[in-house]
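Trainee: Take this sequence and fold it.
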Amino acid sequence: MQGKTAIITGGGSGFGRETAIKLAERGANISIVDVSKEQGNETVKLCKEIGVDAIFIEADVSKVEDVKRYVAETVERFGKIDMFFNNAGISGSGVLTLECPDDEFEAIVNVNLKGAFYGLKYVANEMLKTGGGSIVNTASLGGVVGIPTLGAYSATKHAIIGLSKTIAGEYGRENIRINAIAPGTNETPMVKAFPSEAIQAMAEAVPMGRLGQPHEVANVVAFLLSDDASYIHGAVISIDGGAAAL
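Mentor: Sure, this is the predicted structure:
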């Protein structure tokens, strides 16, 4: 990945930050996109300490003009886009699906689905100008099975899988290689804030008996973005300790 460029949305924490570090360790330049300036700049700092170039772009992926801007600023800085981790997302408040407030449903769709689509559209169009590239979309265990109390989230993640498979069929011959990941529950900052008994219950529900770690997801993303995964296209990779197997 030496000298290649990656955009990572939601790069300020969790899977995004861990993936940024993995790609930086392999020599990639990194464009970090996040709504949190503090967290995004911290990820940039960590990448630069490894020895690569990195920039932070504050952007709301649900706003198409922000997406166009993060794409343009990345190209201006690095010349092209080789890899895209389309990762930013939100989960919702955890209510029964039919009780989800209209404004919450709209916000989840705007970030998780529209934001991912805008990213795919404008990043892939840049990749097409320079010979192609590799994309990984963050779906979820909730994109493979239904998740009670996270209906809107689960619906958008099912949609991410549909987008990934469709674009794989449409653009494979244009050297746009695209896959999706379906992580289960991981020990992210959001999950760590839950009550300890809730965390334990989530862990016990996983066949491996534990929650995932963000670096375990990042390892898979880095592989899928790399040339080592050159014939993996249109796949959905579960990273969930066996949860989807139940």
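Trainee: Please count neighbours and contacts with C-alpha atoms only from this point.
Mentor: Fine.
Trainee: what's the helix or strand where Asn137 lies packed up against?
Mentor: Element membership of Asn137 [criterion: DSSP states H and E] is strand 133-138. Here strand 133-138 is seen to pack against strand 83-86, helix 115-129, helix 151-171, strand 176-183, helix 214-225 when contacts are counted using 3 or more C-alpha pairs under 8 Å, 6 or more residues apart in numbering; DSSP states H and E.
Trainee: how about CSV for these, with mean pLDDT and distance to Lys4 added?
Mentor: Rendered in CSV, the data for the helices and strands packed on strand 133-138 read as follows (pLDDT from 0 to 100; distance: least, C-alpha to C-alpha, whole Å):
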stretch, mean pLDDT, distance to Lys4
strand 83-86, 98, 8
helix 115-129, 98, 12
helix 151-171, 98, 21
strand 176-183, 98, 15
helix 214-225, 98, 11
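Trainee: Work out the gap between stretch 195-211 and the centre of the chain.
Mentor: 23 Å (C-alpha atoms, centre = their mean, to the nearest Å).
Trainee: try stretch 85-99
Mentor: For stretch 85-99, the distance between its averaged C-alpha position and the chain's averaged C-alpha position is 14 Å (C-alpha atoms, centre = their mean).
Trainee: Likewise for stretch 146-166?
Mentor: Worked out by C-alpha atoms, centre = their mean, stretch 146-166 lies 14 Å from the chain centre.
Trainee: Alpha carbons of that stretch, in CSV - could you do that?
Mentor: In CSV, the C-alpha atoms belonging to stretch 146-166 read as follows (Å, rounded to 0.1, in the frame of the first residue of the first chain):
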residue,chain,number,x,y,z
GLY,A,146,-33.0,-8.7,12.0
ILE,A,147,-32.0,-7.0,15.3
PRO,A,148,-35.0,-6.3,17.6
THR,A,149,-35.2,-2.7,18.8
LEU,A,150,-32.8,-1.6,16.0
GLY,A,151,-35.2,-1.9,13.1
ALA,A,152,-34.2,1.3,11.2
TYR,A,153,-30.5,0.5,11.7
SER,A,154,-31.0,-3.1,10.5
ALA,A,155,-32.9,-1.9,7.5
THR,A,156,-30.2,0.5,6.4
LYS,A,157,-27.5,-2.2,6.9
HIS,A,158,-29.5,-4.7,4.7
ALA,A,159,-29.5,-1.9,2.1
ILE,A,160,-25.8,-1.5,2.3
ILE,A,161,-25.4,-5.1,1.4
GLY,A,162,-27.7,-4.7,-1.5
LEU,A,163,-25.8,-1.7,-2.7
SER,A,164,-22.5,-3.5,-2.4
LYS,A,165,-23.7,-6.5,-4.4
THR,A,166,-25.3,-4.4,-7.1
